[in-house]
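A.B. asks: What follows is a predicted structure for the sequence shown.
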2 protein chains.
Amino acid sequence: MKQYNLCFLGFGKVGRALARLLTAKAEDLREAYGIEYRITGVASRTIGWQAKADGFDLATLGTNNSLKTGSTSQGISEWLKESKADVVFETTSLNPDSGQPAIDYLRAVLQSGAHAITANKGVLVYGFQELDQLARAGGKQFLFESAVLDSAPVFSLFRETLPAVKLRSFSGIFSSTTNIIIETMEAGRTFAEGLKTAQELGVTETDPSHDIDGWDATVKVCALANVLMNVPLKPAEVARSGIRELNPNQLQRARAEGKPFKLVARASRQQDGKISAIVRPEQIGPLEPLGNVRGTSLAIHFELDMMPGLTVTSHRPNLQSTAYGLLADFINAVRE
Amino acid sequence: MKQYNLCFLGFGKVGRALARLLTAKAEDLREAYGIEYRITGVASRTIGWQAKADGFDLATLGTNNSLKTGSTSQGISEWLKESKADVVFETTSLNPDSGQPAIDYLRAVLQSGAHAITANKGVLVYGFQELDQLARAGGKQFLFESAVLDSAPVFSLFRETLPAVKLRSFSGIFSSTTNIIIETMEAGRTFAEGLKTAQELGVTETDPSHDIDGWDATVKVCALANVLMNVPLKPAEVARSGIRELNPNQLQRARAEGKPFKLVARASRQQDGKISAIVRPEQIGPLEPLGNVRGTSLAIHFELDMMPGLTVTSHRPNLQSTAYGLLADFINAVRE
């Protein structure tokens, strides 16, 4: 049995869902993996850098009173020290233009000797190579399963289950907001109504233009190319068009034909080793690999040297699914 | 760099494809995983137990002349000893009623201190618990990714990427022969023509009634329940009906409705912990998780406590894909 000090950097919806999940799975972790834990650090813009070396009370974590029982650190270095962090879950909000300040935070985490786990796709675009090398050099883990396709195994799929394959290309539907807006318009309602539905479901970025204009999908394509193809693709290199130009007639006609529009992201390795990547609305027939992805479901399709096609589809992932991706990373980081 | 002595127990289509793949990936194995190998044993009904401690010539392996250059052992124990086996790939033909003699072979392999890798689903139905315990006790690996859904990650998905989940139920399309027969009849041709097409594609069991009557899917459901749900389900406990009773009119009508028939296998965990399992033709709509699986493609859909639905679809796997599943098991068995 080994006890780990866990710290939350960012404590919004996903962080709180992870705290609940850790409580719910505590017995499983102990019995199946010999893992015990306490939460010794919580940090966010609103509460600052809170640390409590003997552990916060899990039952009341998330209420402001509980979080005030710790000491307040001056910044991340002091916080990592005072919390004696073994594992840090980083879920701060995304900066799609730089991945900051999350990259600086994760660098500090790895330099302090803790495992770094993030749900932050921007980090993978701008900091993957550096953080991955830093983690390897220190014998620690840098993991990020929830960054793309929620908790559905994508990065761990290649890391653990598909050794010695070459990824030739991939395509995916990475944004449920655009699915929902398109489907709402197919049903004769407006773009605005579709967006409202997506926002009510909680699947939309804070600034919805990130989804609508294809930025979310673009950042994910870059994250995947960085990690799975080892090519540092940047958003500016992706040919990107969003769903604003689609009109209701066009969408309804496509749907009636049985080939509805979806916002599809594609990347493929060229002869010269470079990646060609595109995000755009495409008509997809029902028998194509991404053909049955609708609503809040997401999918990725891989073409590999060893397999003609492999598709992973995540149906209606929820907040707990996202939190589970972080939990799975934690278990994989510390188990043998 | 570590050198492994590899042995083939069964040397038919899959074994030979694996030998070719090992040659093609030799450089990758060395550079990415520090793995070198030679093939020191090959055994089959036609050639007997051939061993060659300094390695068979890979370039000519598969020709009878090459295989006669080794010594002939009297049986598996002597063969394992003479070949100094580190890893054995077992691909003998399936006995769906007992899993034998493959279980006896794999027991001998593990007892000799080698890793045991099999593509044999029958073994998982009748011998999983015993062989798994034997492997753990000896610190060796017993792996079998190719037994279901070719090389698409299913067993390694749960072993490596989805820790601490509970599998509530799964459904799948596990037999491409039945897909192809149904699709041929939908197109107005006969059952016999469909079977002939499937046989020409090389996807049919030696005795095609194993596919047609749902035995193949039934054995796979049992294999999955044994490994992923840890319940020793036997074929007799599966409510099984095949595709013989389907008539062309019915199939064409279903297809015209947009809900064609497929031979679907389902298993779910009941309140009392037992598994309820069924294999039967069902009409599947295009937006359902298995809705876009046609031809030689295969798929499995999981319902998990942590994720509402996760589908893995393998599109048109080929002989190399099956062989890759065995290669991936080998790499996973020996890498840290």
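C.D. replies: Received it, and whenever you're ready, just let me know what you need.
A.B. asks: contacts and neighbour counts: CA atoms only from here.
C.D. replies: OK.
A.B. asks: Residues touching stretch A:197-214, excluding its own?
C.D. replies: Outside stretch A:197-214, the residues that touch it by Cα atoms under 8 Å, 6 or more residues apart in numbering or on different chains are A:175-178, A:180-181, A:215-217, A:240-244, A:263, A:279-280, A:296.
A.B. asks: Just these: which are in helices?
C.D. replies: Residues of these located in helices (DSSP state H): A:176, A:177, A:178, A:180, A:181, A:215, A:216, A:217.
A.B. asks: The fifth one: neighbour count?
C.D. replies: Residue crowding around residue A:181 was assessed by other Cα atoms under 10 Å in any protein chain shown; the count is 25.
A.B. asks: can you list the ones in helices among the contacts of stretch A:197-214 in CSV and add distance to chain B and pLDDT?
C.D. replies: Shown next, in CSV, are the ones in helices among the contacts of stretch A:197-214 (distance: Cα to the nearest Cα, whole Å; pLDDT from 0 to 100):
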residue, distance to chain B, pLDDT
A:176, 15, 92
A:177, 18, 95
A:178, 18, 96
A:180, 15, 96
A:181, 18, 97
A:215, 25, 95
A:216, 22, 94
A:217, 20, 96
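A.B. asks: Out of the residues you listed, who's the most crowded?
C.D. replies: Result: residue A:178 is most packed of the ones in helices among the contacts of stretch A:197-214 (other Cα under 10 Å), 33 neighbours.
A.B. asks: Confirm for me that it is in contact with residue A:243.
C.D. replies: Yes - between residue A:178 and residue A:243 there is a contact under Cα atoms under 8 Å: 7.2 Å.
A.B. asks: between those two, what contacts are shared?
C.D. replies: A:212, A:263.
A.B. asks: Show me where the stretch 201-336 of chain A dips below the pLDDT cut-off.
C.D. replies: The stretch 201-336 of chain A contains residues with pLDDT under 70 at A:336.
A.B. asks: Could you list the residues of it in contact with chain B?
C.D. replies: Contacts of the stretch 201-336 of chain A with chain B, taken as Cα under 8 Å from any Cα of the partner chain, map to A:286-289, A:291-294, A:306-318, A:320-321, A:324, A:328, A:331-332.
A.B. asks: right, and the helix or strand after the longest helix seen in chain A?
C.D. replies: Using DSSP H, we find that the single longest helix of chain A is helix A:121-138. Toward the C-terminal end, the helix or strand that comes next after helix A:121-138 (DSSP states H and E) is strand A:142-143.
A.B. asks: quick one: that next one to chain centroid distance?
C.D. replies: Put simply, strand A:142-143 sits 12 Å off its chain's centre (Cα atoms, centre = their mean, to the nearest Å).
A.B. asks: go on, stretch A:211-222?
C.D. replies: Distance of stretch A:211-222 from its chain centroid, counting by Cα atoms, centre = their mean, is 12 Å.
A.B. asks: could I have that stretch exported to CSV, CA atoms only?
C.D. replies: What follows is stretch A:211-222 as a C-alpha-only set of coordinates in CSV (Å, rounded to 0.1, in the frame of the first residue of the first chain):
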residue,chain,number,x,y,z
ASP,A,211,-16.0,25.5,-31.3
ILE,A,212,-18.0,27.2,-34.1
ASP,A,213,-14.9,28.4,-36.0
GLY,A,214,-13.1,25.1,-35.7
TRP,A,215,-10.4,26.3,-33.3
ASP,A,216,-11.2,23.5,-30.7
ALA,A,217,-10.9,20.8,-33.4
THR,A,218,-7.8,22.5,-34.8
VAL,A,219,-6.0,22.5,-31.4
LYS,A,220,-6.9,18.9,-31.0
VAL,A,221,-5.6,17.9,-34.4
CYS,A,222,-2.3,19.6,-33.5
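A.B. asks: Would you map the strands across the stretch 151-300 of chain A?
C.D. replies: A:167-173, A:239-240, A:261-269, A:275-283, A:298-304 (DSSP state E, counting those that start in this stretch).
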